[in-house]
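Visitor: sequence plus predicted model, see below.
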Amino acid sequence: MNLTPAATASQSFNAKARQSGWASLCDATLAFVRPEFGELLGLWREHAEAEGLPFRKHFGPRSLKALLRHVAIYERVENGEARYRVRLMGTAFADAMGDLSGRFIDEAVAPEFLPRWYAALGAAIEAKAPLRFVSRLDTVNKSYLVAEYFEAPILADDGSASLILAAGHFAPRPWTEVSAHEARRLAAQAD
């Protein structure tokens with residue numbers, strides 16, 4: 001069975017999450033709960049059809065107006081090793097995680113949480129397509145919050161596939177309830 005790059009990236013992330021005990025999962029089926037993430041997926045696909053991966057310029061304030069406070073853009077910077085810089089962080093992200101705009105993740109997030117961040121962002125680049133994530137916010141001592149994320153690679157102005165467009169919705173929910181629900185949803189979709 002040949003898997004798509006998105007399915008392979010999702011499976012790899014989920015294996016790391018299980019092995020590492022992360023309260024996080026990746027869903028390559030893109031079964032978003034938030035309807036606005038479905039709309040963002042449609043916008044991404046519309047521009048990807050014409051150009052392979054869409055360019056950053058397609059995701060400006062006008063096209064993302066309804067989602068601006070929920071959007072973040074990360075930049076993968078390669079200099080011997082990959083690092084991620086937060087290029088833009090909407091107020092919903094900043095309220096949940098603290099404003100990381102302009103900072104490298106490894107300078108703002110505790111070292112024990114970096115592998116999960118890097119694995120999720122790396123999965124989006126590896127997938128060459130959008131992915132859906134569901135995660136508990138452990139990194140900022142807000143484990144009462146669970147987030148649904150849209151993450152997808154986009155092209156920088158120079159044509160490099162070094163940016164990740166993310167959107168997140170944060171809500172207080174017990175992770176055990178969310179993870180059980182997600183397992184049932186994914187099993188039902190597999191049938």
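Guide: Happy to help now that I have it.
Visitor: Provide the backbone phi and psi angles at Asn141.
Guide: With angles defined as degrees, to the nearest 10, Asn141 sits at phi 60, psi 40.
Visitor: what kind of secondary structure is the residue nearest the centre of the chain in?
Guide: Centroid-nearest residue in the chain: Glu151, 3.2 Å away (criterion: CA atoms, centre = their mean). Taken by DSSP: H, G, I helix; E, B strand; the rest coil, the conformation at Glu151 corresponds to strand.
Visitor: now do Leu100
Guide: coil.
Visitor: wait, what's in contact with it?
Guide: Neighbouring residues of Leu100 by CB atoms under 8 Å, 6 or more residues apart in numbering: Val86, Met89, Phe93, Ala94, Ala108. C-beta: built from backbone N, CA, C; applies to glycine.
Visitor: which of the helices or strands spans Arg62?
Guide: Assigned by DSSP states H and E, Arg62 falls within no helix or strand.
Visitor: sketch out the low-pLDDT regions of this protein for me.
Guide: Where the chain drops to pLDDT under 70, the residues are 1, 50-51, 189-191.
Visitor: now with 50, please.
Guide: Of all residues in the chain, none has pLDDT under 50.
Visitor: for Ala9, state which of the contacts of Leu100 is nearest.
Guide: Nearest to Ala9, judged by CB to CB, of the contacts of Leu100 is Val86 at 21.1 Å.
Visitor: roughly how far does Leu163 sit from Val140?
Guide: Using CB to CB, to the nearest Å, Leu163 is found at 23 Å from Val140.
Visitor: quick revisit: doesn't Leu121 make contact with the residue nearest to the centre of the chain?
Guide: Yes - Glu151 is within contact range of Leu121, at 7.2 Å (criterion: CB atoms under 8 Å).
Visitor: out of the contacts of Leu100, who's nearest Glu75?
Guide: Among the contacts of Leu100, and counting by CB to CB, the member closest to Glu75 is Val86, at 8.0 Å.
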